[in-house]
Each structure stands twice: as C-alpha cells, then as structure tokens.
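Chemist: Please work out how this folds:
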Amino acid sequence: MNDQKCHVALYSASPAWEGATELLVQTPGAAAPTEVPESVRHVSARCVAFRSPHAGDESRFLLEEWTTEFDDGTSSRDYVWVRGQYVLVVPIWNREVVFIRQYKKAAERTLLVLPWGGIEPGESPLHAGRRELEEETGYSFRTAEVHGPFYDLPDKSTGGHWVVVARNAYRKAEPSPDDGERIYGTELIPVGQLWRHHIPVLMHVGALRLAGL
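Modeler: Just a heads-up that it's a prediction; the model follows:
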C-alpha cells in the first residue's frame, strides 16, 4: 500500500444525452442516488498500490481503501475498485440475437457473450453501444432503448453498466475489434431458441430478460 490520498467521487451524474435519438427507458430501481444518505457521516479513501503487465490498467482499475463512518459511531473499512461505466448491447436482427464468442481471461475459456465495452469520457451510453457493436460484430443500429445505470458490485466496485436494446440492428461492415480482444466469430441465435444455449455471464442474462426475451 501507499499513503497517497485519492479523490473520491461518491456519486457521478448521469451522462448528458444532447439530443440523441434513443428511447430512454426509466427502469424502476435503477437510478443512481444523487447524495450521500444521512446515516453516512464521512467517507475517506487512500490509494492501494496496483501494478499490471498491461499498459493503462492502472488508470482503468484503481484500487482504493475506503473508510466509511456512520452517525451511530461505527465505521467500516473496505477495498473498492474505482471503475467507470460500461455498456452492454442486446442487438436483435430479423428475430435473431447477435452474440460473439470471446475468450475471457479470468474465466480461462471462450464464452458466448453479448457485445460490450467501456463508455469513453463525454460519450453517451447510446453512442458507446453503437461503437462497441460495430467494432466487435460489424452490426449497427439506428435507434435503441437505453436502460440504466445498474451497479455491478455495489459493495466492491463503483463501476456499473447501461443496457442498450437495439431491436433494428443491421449488418454494416466487417468487425474490427481492438488489439488484444480475442473474438472468435459472430453467432446469431433465433429468439425462440435463445434459452437452449448456455449463457454463462449473469449480467448478460439480465440484459436479455430486460429486453423481454
């Protein structure tokens, strides 16, 4: 560990939409809180040393030690991954859902997953979803429903996901994944056969259910 002080942003505002053409869906229970609850008196944090063999991971996966003090005099100390927002896309083309086969390092295997990726600074979930979908599959969309944000691990990570449901996806070009992404092809699964397949990532199952599939 080191004793470097870290700036802690307890809650971040939702991205500005700036006239985008998506249908924004208000999902019950999904809105991020805008202020600290009255029972929490103070939160302090310090950086925890973290090194990665992959350049840039130190900025994308910032580990901090958080001490939370409550009004009743108790406190808790936790290690929290300070992460950004991600987008998960449910692309539907001609009553088929567009998946990819991608190698996931922590799982140590190739999995059937939906297209997803990080939201860049100043980017809306809609635009991030379109960019990631085009890069990973070659498909795109014109309009979509945007759900979120949803927390991944609210006790251990500040990161969260938005879900973009594109019901009018279409093939635009060849995929062009980023360097280091191990994608082994695109797979289209008919909606009626969707749950005959093993979909091993829980948040992807939730996104499909959110889309009504």
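Chemist: Can you spell out the domain ranges of the chain, please?
Modeler: The chain is divided into the following domains under automatic domain parsing: 36-82, 85-210.
Chemist: tell me which strands and helices the longest helix anywhere in the chain is in contact with?
Modeler: Ranked by residue count, the top helix of the chain under DSSP state H comes out as helix 125-137. Packed against helix 125-137 by the contact rule (3 or more C-beta pairs under 8 Å, 6 or more residues apart in numbering; DSSP states H and E) you find strand 85-93, strand 96-104, strand 116-118, strand 139-140, strand 145-151, strand 160-166. Every C-beta, even on glycine, is put in place using the N, C-alpha and C of the backbone.
Chemist: Turn these into a markdown table, columns for mean pLDDT, mean neighbour count and distance to residue 63.
Modeler: What follows is the helices and strands packed on helix 125-137, written out as a markdown table (pLDDT from 0 to 100; neighbours: other C-beta atoms under 10 Å; distance: least, C-beta to C-beta, whole Å):
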| stretch | mean pLDDT | mean neighbour count | distance to residue 63 |
| --- | --- | --- | --- |
| strand 85-93 | 96 | 24 | 18 |
| strand 96-104 | 93 | 18 | 21 |
| strand 116-118 | 92 | 19 | 17 |
| strand 139-140 | 96 | 20 | 35 |
| strand 145-151 | 93 | 20 | 17 |
| strand 160-166 | 95 | 25 | 17 |
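Chemist: Of the ones you listed, give the one that comes closest to residue 69.
Modeler: Taking C-beta to C-beta, strand 145-151 is the member of these nearest to residue 69, at 21.9 Å.
Chemist: Give me whichever of the domains of the chain is most buried.
Modeler: Comparing these by mean neighbour count (mean count of other C-beta atoms under 10 Å), domain 85-210 ranks first with a mean of 17.
Chemist: Flag the shaky bits of this structure, pLDDT-wise.
Modeler: 1-61, 180 (pLDDT under 70).
Chemist: all helices for the chain, in order.
Modeler: Using DSSP H, helices in the chain cover 57-60, 125-137, 202-210.
Chemist: So for residue 93, which of those sits nearest?
Modeler: Per C-beta to C-beta, nearest to residue 93 of the helices of the chain: helix 125-137, 9.7 Å.
Chemist: tilt between that closest one and strand 160-166?
Modeler: Put simply, helix 125-137 runs at 70 degrees to strand 160-166, going by axes from the mean of the first three to the mean of the last three C-alpha atoms, to 10 degrees.
Chemist: From the chain's centroid, how far away is helix 125-137?
Modeler: Helix 125-137 sits 12 Å away from the centroid of its parent chain (C-alpha atoms, centre = their mean, to the nearest Å).
Chemist: Next up, the contacts around residue 191.
Modeler: 92, 95-97, 213 (C-beta atoms under 8 Å, 6 or more residues apart in numbering).
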